[in-house]
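>>> pasting the structure only:
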């Protein structure tokens, strides 16, 4: 039953990464494992492990008095395994084992920061929290709005995402702290999906670990969220196979090692991510707006380069959807997944979808299967085509993220 004042879901379809879904446009991977093993279960399980009422420990985390959740933006599980030579501390954690706690999770769909961080912060799939892409259609304004760093003035974050966050619910029972960069303290994204508790700001990774240790040293039972964005930035600019990305991975390893040494002994530390990443060659960054067959009948384009939302003109209807999907498949064949909004909802890609959220989803959706990226150069800046590392689609590299669970040794923890 939905909370008072919040509509019931439009549909429900639980997902599993082990199966394939058939659609009229072909096959595609099944939905994220919402409710079982996804980013939406991280904070809710952490709260349950602290004894906060109203939450379930779906990830089998150990009972704890303090939990620090480190979210490394852009850290795919495949990349962490592939680059383990750069992470001696995290490698030792992985080798030590973590009992019944799963070692990997699904990101939200799309595998992009806005959707996954909102699922992380609310414990809900995108069809509920409503942040169904990097930018999406606001039906009330009939315009595309950004869900990450540039929210439209006509969109109220707490109306767009009406559910209480995990932090808000937990703050009545335990100390709740976010440690992140100053620019995110009152961002629309924070107000929509990560509000609640106190917010501690610091710029460098050293300053953030020191701030985290100080904040937790004086607290009793506590839940902390520690955000790291440097990997994602390096990946977008230089690629996730670049020396710059590897350097930031080494910095992340050092940051988590410092947290282990400075947080109170016995603190549960969880390391996870919002999505993975892959590199797209310049030759495969495609301006689809230059091909009339790919945009005929399209009123708005949105989403991200690897997960495009296409919104049709009103009279287009089912025939327009079929024609558009046929055009994309004729051009790109098995290099893409192409499906309708209804197929995505039925397949459970967005989890349970509220009636208000459904029109925010594209009439037709194009997800890249291979290293491709799609751009509408009529509405994006030329610099967007310079982005190397990409994410948003359904591939394993983008959707599978790690979950590492271990206890801080507290060898250098400050005194309370």
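That came through fine. This structure is a prediction, so every number in the text was calculated from the model and none was measured.
>>> CA only for contacts and neighbour counts going forward, please
Will do.
>>> Report the residue spans of the stretch 301-416 of the chain with pLDDT below the cut-off.
315-316, 413-416 (pLDDT under 70).
>>> mind running it again at 90?
Applying pLDDT under 90 to the stretch 301-416 of the chain flags the ranges 314-319, 381-382, 410-416.
>>> so where's the stretch 1-150 of the chain uncertain?
Ranges of the stretch 1-150 of the chain meeting pLDDT under 90: 1-30, 97-99, 149-150.
>>> For it, which segments count as strands?
20-23, 26-29, 66-72, 104-106, 135-138, 143-146 (DSSP state E, counting those that start in this stretch).
>>> Of all the ones you listed, which one is nearest residue 351?
strand 104-106 (12.5 Å; Cα to Cα).
>>> which outside residues touch that closest one?
32, 33, 37, 38, 39, 77, 399, 400, 401, 402, 403 (Cα atoms under 8 Å, 6 or more residues apart in numbering).
>>> Helices of the stretch 51-200 of the chain, residue ranges please.
77-82, 88-96, 113-122, 126-129, 157-160, 166-170, 188-193 (DSSP state H, counting those that start in this stretch).
>>> Just send those helices back as a markdown table, with mean neighbour count and distance to residue 273 too.
Shown next, in a markdown table, are the helices of the stretch 51-200 of the chain (neighbours: other Cα atoms under 10 Å; distance: least, Cα to Cα, whole Å):
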| stretch | mean neighbour count | distance to residue 273 |
| --- | --- | --- |
| helix 77-82 | 18 | 9 |
| helix 88-96 | 14 | 14 |
| helix 113-122 | 29 | 9 |
| helix 126-129 | 29 | 16 |
| helix 157-160 | 16 | 23 |
| helix 166-170 | 23 | 17 |
| helix 188-193 | 22 | 16 |
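>>> Just put those helices in CSV and tack on distance to residue 218.
Converted to CSV, these look like this (distance: least, Cα to Cα, whole Å):
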stretch, distance to residue 218
helix 77-82, 33
helix 88-96, 26
helix 113-122, 24
helix 126-129, 33
helix 157-160, 31
helix 166-170, 18
helix 188-193, 25
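>>> now residue 366: how far from residue 352?
21 Å (Cα to Cα, to the nearest Å).
>>> picking up where we left off before, restricted to helices, list the contacts of strand 104-106.
77, 399 (DSSP state H).
>>> Bridged to residue 144, which residues?
residue 137 (DSSP bridges).
>>> and residue 38, what does it touch?
So residue 38 contacts 32, 105, 106, 107, 108 (Cα under 8 Å, 6+ apart).
>>> what about the second one, how many residues close to it?
Look at residue 105: counted by other Cα atoms under 10 Å, it has 29 neighbours.
>>> thinking again about what came up before, and the contacts of residue 38, which two are the farthest apart?
105 and 108 (9.6 Å).
>>> Of the contacts of strand 104-106, which is the most crowded?
residue 39 (34 neighbours).
>>> Can you tell me how far that one is from residue 117?
8 Å.
>>> Likewise for residue 131?
9 Å.
>>> Repeat that for residue 218.
From residue 218 to residue 117 the distance is 28 Å (Cα to Cα).
>>> What residue, apart from its backbone neighbours, is nearest residue 293 spatially?
Nearest in space to residue 293, with sequence neighbours left out and distances taken as Cα to Cα, 6 or more residues apart in numbering, is residue 327 at 6.1 Å.
>>> ditto for residue 188
Here the residue nearest residue 188, using Cα to Cα, 6+ apart, is residue 157, at 5.9 Å.
>>> thought the one you found was touching residue 191?
Yes. Counting by Cα atoms under 8 Å, residue 157 touches residue 191, with 6.2 Å between them.
>>> which residues touch the spatially most central residue of the chain?
Nearest to the geometric centre of the chain sits residue 116, at 2.1 Å (Cα atoms, centre = their mean). With contact set as Cα under 8 Å, 6+ apart, residue 116 has these partners: 39, 40, 107, 108, 109, 110, 126, 274, 275.
>>> tell me the contacts of the fifth one?
Residues in contact with residue 109 (Cα under 8 Å, 6+ apart) are 31, 32, 115, 116, 126, 132, 349, 350, 392, 393, 394, 399.
>>> pretty sure the second one contacts residue 110?
No. The criterion here is Cα under 8 Å, and residue 32 misses it with residue 110 at 9.7 Å.
>>> need the next SSE after the longest helix seen in the chain, C-terminal direction.
For the chain, the helix with the greatest residue count under DSSP H is helix 243-262. Next along the chain after helix 243-262, taking DSSP states H and E as the criterion, comes strand 268-272.
>>> Give the pairing partners of that next one; include direction for each.
Partners of strand 268-272, by DSSP bridges, with direction: strand 66-72 (parallel), strand 404-407 (antiparallel).
>>> what about it, average pLDDT?
Strand 268-272 carries an average pLDDT of 98.
>>> One more: stretch 242-258?
So the average pLDDT for stretch 242-258 ends up being 98.
>>> Work out the gap between that stretch and the centre of the chain.
Relative to its parent chain, stretch 242-258 has a centroid offset of 20 Å by Cα atoms, centre = their mean, to the nearest Å.
>>> No more questions from me, cheers.
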